[in-house]
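>>> would you be able to build a 3D model of this:
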Amino acid sequence: MLYVVEYTGPFGYLKPWTAVRDGETYSQQFLTPSVIEGMRQKLEVSQILRHKLAYAGLSMQQEQTHPRGWIHEKKKQQLTRPRAILVRGVMLSPTLHLAFASADDAKLAATQHLCLCRNEDILLPAEPQMISEAAFAALPGFELRFTEGPSDGAFLVGYNRFADGAAMYGRLEITGNPTAKPVLER
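Predicted coordinates for the structure are as follows:
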């Protein structure tokens, strides 16, 4: 049996590791090993066994950015900062299920909020539930199953900031319709 906490929020954006400053990007649809480790540390739990991420749709939103530096225009005797407009494909109504091995970890996790990758992407928890591994596996959603290296079906998903920049690999599993709201069944 797994102890599962469901987190929900109005929107969320997981920046792909390949998108440094692309003009248009879509939210990554899975959590990398370093994101899961960051969540584990934030929640102060012993281990997150599995996760599933689903959402209702994507919304293209514009974000205005400024570079760090200033440009000195000698003729006009002024300092300026150029602006750029970036377009982000943000997840609407994301639902994240986290599975824990113990009821204590699930209870502790259910008392805290999570952020996907940005501070404004707050997800709030529901009460923990106990479900079977088969019921968790049947939940609609995206789940990256972590692998040690580039094995069959695995691909590079980034570099782990918690492991001295080690390459991270995984296989993406898509269950059901991950863009529909998942329902926990006991």
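
>>> tell me which element the closest residue in space to residue 24 that isn't next to it in sequence is part of?
In this structure, residue 24 finds its nearest non-sequential neighbour in residue 87, 4.3 Å apart by Cβ to Cβ, 6 or more residues apart in numbering. Backbone N, C-alpha and C define where each C-beta goes, glycine included. Residue 87 belongs to strand 84-92 when assigned by DSSP states H and E.

>>> and if you look at residue 60?
strand 57-65.

>>> what's in contact with that strand?
11, 21, 24, 26-27, 83-93, 179 (Cβ atoms under 8 Å, 6 or more residues apart in numbering).

>>> 10 Å - rerun?
For strand 57-65, the external contacting residues (Cβ atoms under 10 Å, 6 or more residues apart in numbering) are 11, 13, 21, 24, 26-27, 29, 81-93, 179-180.

>>> can you name the next helix or strand after the strand holding residue 87?
Downstream of strand 84-92 (by DSSP H and E), the next one is strand 95-100.

>>> how much distance is there from that following strand to the middle of the chain?
11 Å (Cα atoms, centre = their mean, to the nearest Å).

>>> if you count contacts, what does it end up packed against?
strand 2-8, helix 33-43, strand 50-54, helix 103-109, strand 122-125, strand 129-131, helix 133-138, strand 141-147 (3 or more Cβ pairs under 10 Å, 6 or more residues apart in numbering; DSSP states H and E).
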